[in-house]
Structure formats: C-alpha cells, structure tokens
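Visitor: Sequence plus predicted model, see below.
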Amino acid sequence: MHKEHLISAIEFCTNHEIEISFISSLHETGLIEIVQIEEAEYIDESQLVQLEKIVRFYYDLGINLEGIETINHLLDRMNDLQGEIIALRNRLRLYESNE
C-alpha cells in the first residue's frame, strides 16, 4: 500500500480532537481498517468519509459503537436495495420498450 494514500491515525485524532483509543475501538469492531507501518498506525484516505461520519454519530449525536454498527449495517442494506431497485427498473424499461 502506498503511504501517500494513508493518513496518520494520530494526525486524524489531533485534527478532530478525539482519543486514539476511539480509532482503536472502531478497528476492533470492524468499522474501519487500520494499516500498521512500523510502529505507526494509518487510515486509508478512502475511509475518511466513513470515519468522519462515525465520529459525528459518536461525539455529536452520542450514539454508542453498537448503535453505529447497526446504523452502518442498515445504511449498507439500504444502498444494496436501492441498487436492486435501479436494476429492476432498468429491466422493466427493457420489457416495456419491446412491447
């Protein structure tokens, strides 16, 4: 993994004024992935949007980690269902245009 696409976990925590233990808890529950290079921990930049959303849920809304896991699962399921709806609409249009 290229280091230029990684953000230091400590730097992220400093910028967002959160504890590094929170990032470790998220990693332990499987909500985010942490890349360890030598002694330092990094977060892939592709996870930043998700991580910032989790930070808002936890610190701004007071939702615990179990609640965040549930919300994440439901949002993923909702996105899957929306994709399925789009695919079904496209198939329906195909049949409607053949008539």
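Guide: Yes, it's here. As the structure is a prediction and not an experimental result, all values here were calculated from the model.
Visitor: In this protein, mark out all the helices, start to finish.
Guide: Here the chain has its helices, by DSSP state H, at 9-16, 20-29, 48-55, 65-97.
Visitor: For the closest residue to Ile23 other than its chain neighbours, give me its contacts.
Guide: Of all residues not flanking Ile23 in the chain, Ala9 sits nearest, at 5.0 Å (C-beta to C-beta, 6 or more residues apart in numbering). (C-beta placed from N, C-alpha, C; glycine too.) Applying C-beta atoms under 8 Å, 6 or more residues apart in numbering, we find Ala9 in contact with Ile20, Ile23, Ile34, Ala40, Glu41, Tyr42, Ile43.
Visitor: Quick one: residues contacting the fourth one.
Guide: If you count contacts by C-beta under 8 Å, 6+ apart, Ala40 has them with Ser8, Ala9, Ile10.
Visitor: so can I have JSON lines of these showing pLDDT?
Guide: Converted to JSON lines, the contacts of Ala40 look like this (pLDDT from 0 to 100):
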{"residue": "Ser8", "pLDDT": "92"}
{"residue": "Ala9", "pLDDT": "93"}
{"residue": "Ile10", "pLDDT": "94"}
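Visitor: For Phe57, give me its contacts.
Guide: Ile63, Gly67, Ile68, Ile71.
Visitor: Give the partner strands of the worst-scoring helix or strand of the chain on mean pLDDT in its sheet and their orientations.
Guide: Using mean pLDDT, DSSP states H and E, strand 35-37 stands out as the lowest-scoring helix or strand of the chain, at a mean of 90. Based on DSSP bridges, the pairing partners of strand 35-37 within the sheet are strand 40-44 (antiparallel).
Visitor: what comes up buried for the strand it pairs with?
Guide: Glu41, Tyr42, Ile43, Asp44 (16 or more other C-beta atoms under 10 Å).
Visitor: Take that strand, keep the C-alpha atoms, and write them as PDB.
Guide: The C-alpha trace of strand 40-44 is given here as PDB (Å, rounded to 0.1, in the frame of the first residue of the first chain):
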ATOM      1  CA  ALA A  40       2.700   3.900  13.300                       C
ATOM      2  CA  GLU A  41      -1.000   3.400  12.500                       C
ATOM      3  CA  TYR A  42      -2.600   4.800   9.400                       C
ATOM      4  CA  ILE A  43      -6.000   5.100   7.900                       C
ATOM      5  CA  ASP A  44      -6.600   4.800   4.100                       C
END
